[in-house]
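1. could you look at this predicted model? Sequence included:
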Amino acid sequence: MHIIRVLFSLTAIFLTLFSSAAWAADPVTDLYTARVLITSRSDDAKTAGFQAGLRQVYMKLSGKSDISSYKSLVQSLQKAPEWVDRFQYQQSGNDAYMVIRFNQSLVKRALDNASLTYSDDPRPTLLIWLSMNLQDIPVVLTEQQLSPEPILVKKALEDSAARWGYDIDIPKGDPLDNVTPNDIAGAFDSPMHEASMRYRTDGYLAIALTGKEDQWNDTWRTMVGDATGNGTADGTLATVFDNTFAQVTAAYLHQADTVASTSPSDIELVVSHIDSLETYMRVDAYLNTLPGVKVVETVEMSMPTVTFRMKLTEPISTLEAALGAGRFLSLDDNPDNEHGLDTLYYRYGSE
């Protein structure tokens with residue numbers, strides 16, 4: 001009996017170690033998992049780590065970089081140790097971390113009670129196009145750059161992406177990429193879009209980074225399918241990237257929350273100057289409600305203008321008033337199309 005108990009204990013220890021190792025291999029991009037830097041393994045440090053981890057989970061689910069104005073969420077941080085499903089310590093070089101998985105139902109209930117919009121759908125994989133100055137020369141960040149400053153930037157970028165639940169890829173430096181710092185800084189999307197397709201990510205995030213030491217600034221824009229967003233951030237390197245991914249998350253959540261239920265009486269939503277992701281999404285939603293329009297696709301976006309391609313089931317004459325303040329580009333008559341759909345190209349926004 002004693003031997004059986006010993007074997008059972010050893011088996012239990014082995015299974016515990018095996019399951020811990022397997023869980024440690026899971027990406028921190030699990031939106032209910034946080035990875036928190038710690039200074040010790042004391043009880044106080046562990047409690048603080050749980051609270052910091054729960055705050056991180058709230059942030060990456062909701063896209064809010066600061067939850068201090070949500071009283072119920074702040075109060076729930078005191079319960080963080082009780083909401084932990086499992087955790088473990090990790091060592092990475094000289095840094096020690098707690099990796100914490102929180103109870104999904106309790107976290108979602110807290111966010112619902114705070115009336116916060118959130119999503120636990122997997123975040124899109126993003127190819128990062130980042131321009132920076134290296135010895136006063138503009139360069140595109142690649143995996144091949146091994147000097148101290150690019151390594152510092154890459155680590156900060158990868159840490160922030162993980163905190164916000166994003167799986168990212170950094171270009172390999174392939175000459176076929178053909179993307180320049182001017183493309184990134186100047187909002188020329190075509191080269192990045194073409195190169196990004198070869199990496200097979202869901203989309204890309206372009207970041208024009210400037211600054212040094214503890215004062216940085218970035219101007220960013222992203223495209224995933226038809227969804228786009230743009231913004232700026234400043235502060236320390238970690239703060240800049242955290243704020244960038246927070247804004248990117250907010251943009252995606254807004255897209256998911258946009259309801260295509262605009263009525264014809266809302267024709268004024270189709271404006272002459274598309275200056276934000278919100279305006280674009282409202283125009284796109286409006287077009288999708290129009291009778292006689294079967295398919296709406298975005299074929300070119302260079303804010304403040306957007307060009308749509310629409311497959312029509314009704315004559316263009318029946319839609320002219322509903323299309324509103326835009327510019328007719330062309331109408332391709334497709335009599336041989338099996339669905340009998342004409343293709344309309346129409347542009348909104350001032351040029």
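-> Arrived safely, thanks for sending.
2. going by C-alpha atoms from here, please, whenever you check contacts or count neighbours.
-> OK.
3. T210: how many residues sit nearby?
-> 15 (other Cα atoms under 10 Å).
4. by mean pLDDT, flag the weakest helix or strand of this structure.
-> Per-element confidence for the chain was summarised using mean pLDDT, DSSP states H and E. The lowest value among helices and strands belongs to helix 2-24, with a mean of 38.
5. what are the pairing partners of the next helix or strand after that helix, and which direction each?
-> Towards the C-terminus, the helix or strand next in line after helix 2-24, according to DSSP states H and E, is strand 33-38. Strand 33-38 has these partner strands in its sheet, going by DSSP bridges: strand 95-102 (antiparallel).
6. may I see the buried residues of the next helix or strand after the partner strand?
-> Where DSSP H and E defines the elements, the next helix or strand beyond strand 95-102 is helix 104-113. For helix 104-113, the buried set under the neighbour-count rule, 16 or more other Cα atoms under 10 Å, comprises V107, K108, L111.
7. now swap in stretch 111-120 and tell me
-> When neighbours are counted by 16+ other Cα under 10 Å, the buried residues of stretch 111-120 are found to be L111, L116, Y118, S119.
8. reformat the residues you listed as TSV; add distance to Q88, secondary structure and pLDDT.
-> As requested, those are arranged in TSV below (distance: Cα to Cα, whole Å; DSSP: H, G, I helix; E, B strand; the rest coil; pLDDT from 0 to 100):
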residue	distance to Q88	secondary structure	pLDDT
L111	25	helix	95
L116	29	coil	87
Y118	26	coil	88
S119	26	coil	88
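9. make TSV from these and add distance to D214 to it.
-> Converted to TSV, these look like this (distance: Cα to Cα, whole Å):
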residue	distance to D214
L111	33
L116	32
Y118	31
S119	32
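10. please identify which of those is nearest to M310.
-> Within the buried residues of stretch 111-120, proximity to M310 (Cα to Cα) peaks at S119, which comes in at 29.7 Å.
11. got a list of what that closest one touches?
-> By Cα atoms under 8 Å, 6 or more residues apart in numbering, the contact set of S119 is L61, S62, L253.
12. ok, now with 10 Å
-> Residues near S119 by Cα atoms under 10 Å, 6 or more residues apart in numbering: L31, K60, L61, S62, G63, K108, T249, Y252, L253, A256, D257.
13. ok, now how distant is it from H193?
-> 26 Å (Cα to Cα, to the nearest Å).
14. now do the strands in the stretch 201-350 of the chain.
-> Secondary structure of the stretch 201-350 of the chain, counting by DSSP state E, counting those that start in this stretch: strands at 203-212, 215-224, 227-235, 293-302, 305-312, 326-332, 342-348.
15. can you lay out these as TSV showing distance to D183?
-> Supplementary listing: the strands of the stretch 201-350 of the chain in TSV, determined by distance: least, Cα to Cα, whole Å:
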stretch	distance to D183
strand 203-212	9
strand 215-224	12
strand 227-235	15
strand 293-302	13
strand 305-312	18
strand 326-332	26
strand 342-348	23
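16. ok, which of those strands comes nearest A52?
-> Using Cα to Cα as the criterion, the shortest distance between A52 and those is 20.5 Å, found for strand 227-235.
17. buried sites along the closest one?
-> Under the neighbour-count criterion of 16+ other Cα under 10 Å, strand 227-235 has A227, T228, G229, N230, T232, A233, D234 buried.
18. doesn't Q247 make contact with the second one?
-> No. Between T228 and Q247 no contact is recorded; they are 11.5 Å apart, counting by Cα atoms under 10 Å.
19. common neighbours of these two, please.
-> Residues within reach of T228 and of Q247 at once, by Cα under 10 Å, 6+ apart, are R221.
20. spatially nearest residue to L312 (excluding sequence neighbours)?
-> Distance criterion Cα to Cα, 6 or more residues apart in numbering; nearest residue to L312, sequence neighbours excluded, is V293 at 4.7 Å.
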